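Enquirer: fold the following.
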Amino acid sequence: LPGVQADGDSSGVSLQGALPYQVDVTVDGVTVKSATGGTYIGDSFPSTESIAEIRADGVLANAEYGNPGQIVVTTKGGSNTLHGSGFWYYQDSAFDAIAYTFPTTKTKPSVTGNTFGGSLGGPVVFPHLYNGHSKTFFFGAYEGWRHPAQTTINEVVPSTLMKQGDFSKYTSSSFTGLNNPFTGGTYGTQIPTGSLSQITVNALKQFYPDPNVGDPTAYTDNGVANYQANVDNSGHSNQFDVRGDQYFGSNQKFLIWGKFTWKDFPISSPEQLLVPSYLSISQNRALKVDTNWSIKPNLINEGGFGYTLYTSGNSDSFNGNAWTTAQGWQGLQNLFYNGIPEMDFNNIQSLNADRLTSLNKSNTYDYSDVLIWNKGSHTVKFGTDIQTLEAVTPLGFNGSDNYGTYQFNTKGSTGLFTGVDFADFLLGIPDQTFYDVVKQDNDGVSGHYHFYGQDEWRVSPQLTLSYGLRYELHPGYYDKYGDIGNFDPSVALAG
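Expert: Reported below is the predicted structural model:
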């Protein structure tokens with residue numbers, strides 16, 4: 001669009017100099033800006049097959065628009081003639097170059113992509129029952145995407161012997177043996193099986209694979225990956241757009257129409273080690289219902305209701321809550337979200353998946369009404385737009401929060417107790433721990449209120465004057481549970 005530039009820092013757009021948070025994007029009059037931030041929600045757009053018009057209004061926008069930049073999207077409706085379309089786009093990894101790490105990586109990750117869809121619109125006709133020409137119309141579109149794919153992960157994991165407490169093939173510049181922190185003596189290179197922490201043993205079985213690059217029984221502490229795997233990185237999406245229009249009266253005096261968009265766009269993204277790939281979720285539900293009443297030939301009232309409900313974030317199939325509870329950790333509180341404890345090392349891949357399910361929710365409900373009066377060379381509009389907003393965002397402070405964070409190395413791969421961080425892990429005695437309790441996630445709500453009046457005066461065929469007045473009220477968010485707060489510095493002892 002003219003004057004539109006991508007803004008890489010915010011994933012938004014700038015329009016004619018307006019910053020991303022100063023640009024509003026609407027679909028059929030309903031904003032698709034996120035309630036959790038200032039940028040628009042790309043997945044709230046209808047399918048390209050459903051878009052009738054996209055318009056960019058910059059610094060000279062009318063009073064009915066409240067931002068310095070405005071991108072207006074209008075969707076298609078049906079017509080008296082039946083129309084349809086279809087499309088398909090295909091890609092395959094067979095056309096990709098080999099990996100730059102060849103011959104270490106001999107197999108290309110599998111990539112296959114299919115994008116397909118179509119649309120259909122026209123009058124609603126039931127033979128011998130109802131003829132909707134010039135009265136009742138429908139339009140629908142579907143867009144699908146299928147992308148089965150894998151990506152390669154390279155990680156450092158402990159050797160098969162190390163996981164049994166045997167460090168006889170452990171190589172490090174400063175390693176001479178393991179200290180016994182309980183007696184002040186030495187273990188040599190073997191920790192007795194009976195001294196291994198049961199939680200550690202279970203964590204290794206669940207999350208840490210055996211090396212598959214080089215000798216699986218030997219380990220050199222140099223940070224070079226000894227485990228490689230192709231893991232799921234597939235994605236797919238389904239999007240449906242439906243719209244219906246109904247005119248009433250012989251002269252189409254009254255119109256009611258509605259549009260609904262439904263889209264799910266999950267992508268599998270790799271976690272480290274043997275933690276299952278998580279789904280990067282993008283779910284959008286958008287509705288608009290609108291009425292158009294021709295009170296008089298020169299007086300029209302248009303009222304509407306709509307919403308944009310958007311959920312995004314990560315969700316993992318692994319039940320970290322059940323696994324953690326079964327291990328017998330002491331003192332963990334309020335595990336209301338799905339996660340696992342964090343365990344940190346120097347060169348060995350840390351187990352820091354932390355919060356496995358972490359979802360953001362942006363819910364915006366929009367109520368609008370506008371009265372349009374044509375009088376001579378003037379077109380006058382009086383309107384209001386009221387929005388209720390809810391922003392749910394995950395709350396966290398450090399590491400794995402309620403599940404606990406445990407660091408086993410001091411400097412480099414040194415462990416405070418045995419001299420090796422992974423050996424300290426086998427004994428279950430970390431160098432540092434961090435624990436905090438999150439009671440619930442942020443749940444901020446607010447309301448935005450907009451009122452305007454404007455006039456377009458066609459002074460002459462060569463000159464049109466547009467002027468108006470707009471008032472907006474945007475109170476700050478407040479949290480249902482008190483997680484968000486404001487204070488008034490003019491009040492004694494505030495804050």
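
Enquirer: pretty sure A423 is touching N180, no?
Expert: No - the pair A423 and N180 does not pass the contact test of C-beta atoms under 8 Å, sitting 10.3 Å apart. C-beta here means a position set from N, CA and C on the backbone, and glycine is covered the same way.

Enquirer: have a look at these two and say which one is more surrounded.
Expert: Per other C-beta atoms under 10 Å, whichever of A423 and N180 has more neighbours is A423, with 25 against 17.

Enquirer: show the pLDDT at the residue nearest to the more buried one when sequence neighbours are not counted.
Expert: Nearest residue to A423, sequence neighbours excluded (C-beta to C-beta, 6 or more residues apart in numbering): L178, at 5.3 Å. L178 is assigned 96 on the pLDDT scale.

Enquirer: show me what L178 is bridged to.
Expert: L178 has these beta-bridge partners by DSSP bridges: G188.

Enquirer: what's the separation between it and S195?
Expert: From L178 across to S195, the span is 11 Å (C-beta to C-beta, to the nearest Å).

Enquirer: so which of these two has more stuff around it?
Expert: The neighbour count for L178 versus S195, taken as other C-beta under 10 Å, is higher for L178 (24 against 13).

Enquirer: just to check, that one is in contact with G188?
Expert: Yes - using C-beta under 8 Å, L178 is in contact with G188, at 6.8 Å.

Enquirer: got a list of what the residue nearest to A423 touches?
Expert: For L178, the contact set (C-beta atoms under 8 Å, 6 or more residues apart in numbering) comprises 167, 186-189, 191, 418-420, 423.

Enquirer: kindly indicate whether G84 is helix, strand or coil.
Expert: Under DSSP: H, G, I helix; E, B strand; the rest coil, the three-state class of G84 is strand.

Enquirer: for it, list each beta-bridge partner.
Expert: Beta bridges link G84 to L120, judged by DSSP bridges.

Enquirer: thought G117 was touching it, still the case?
Expert: No - counting by C-beta under 8 Å, G84 stays clear of G117, with 11.4 Å between them.

Enquirer: so for the residue lying farthest from the centre of the chain, what's the pLDDT?
Expert: Distance to the chain centre peaks in the chain at G185, reaching 52.4 Å (criterion: C-alpha atoms, centre = their mean). Listed pLDDT for G185 reads 94.

Enquirer: what's the separation between it and G165?
Expert: G185 sits 16 Å away from G165, going by C-beta to C-beta.

Enquirer: cool, and L19?
Expert: Noted for L19: a distance of 57 Å to G165, by C-beta to C-beta.

Enquirer: looking at those two, which is more packed in?
Expert: Each of L19 and G165 has its neighbours counted (other C-beta under 10 Å); G165 has more, 21 against 15.

Enquirer: quick one, what contacts that one?
Expert: 190-193, 195-196, 423, 426.

Enquirer: put the buried members of those residues into a PyMOL selection.
Expert: Entered in PyMOL, the line below selects the buried ones among these, by 16 or more other C-beta atoms under 10 Å:
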select buried, resi 191+196+423+426
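
Enquirer: quick one, strands of the stretch 301-450 of the chain?
Expert: Taking DSSP state E, counting those that start in this stretch, the strands of the stretch 301-450 of the chain run over residues 342-344, 358-375, 378-393, 405-407, 432-434, 442-460.

Enquirer: please disregard the earlier target; I meant the stretch 151-300 of the chain.
Expert: Remark: strands assigned in the stretch 151-300 of the chain by DSSP E, counting those that start in this stretch are 170-171, 178-179, 186-188, 219-220, 227-232, 235-248, 254-264, 267-269, 278-296, 299-315.

Enquirer: now distance to A94 too, for those strands, in TSV please.
Expert: Putting those into TSV (distance: least, C-beta to C-beta, whole Å) gives the following:
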stretch	distance to A94
strand 170-171	41
strand 178-179	50
strand 186-188	53
strand 219-220	37
strand 227-232	16
strand 235-248	19
strand 254-264	28
strand 267-269	21
strand 278-296	26
strand 299-315	31
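
Enquirer: select, out of these, the one closest to N154.
Expert: Evaluated over these, closeness to N154 peaks at strand 227-232, with 5.2 Å, by C-beta to C-beta.

Enquirer: which helices and strands does the closest one pack with?
Expert: strand 150-155 (3 or more C-beta pairs under 8 Å, 6 or more residues apart in numbering; DSSP states H and E).

Enquirer: quick one, longest helix in the chain?
Expert: Ranked by residue count under DSSP state H, the longest helix found in the chain is helix 198-207.

Enquirer: thanks again, I'm all set now.
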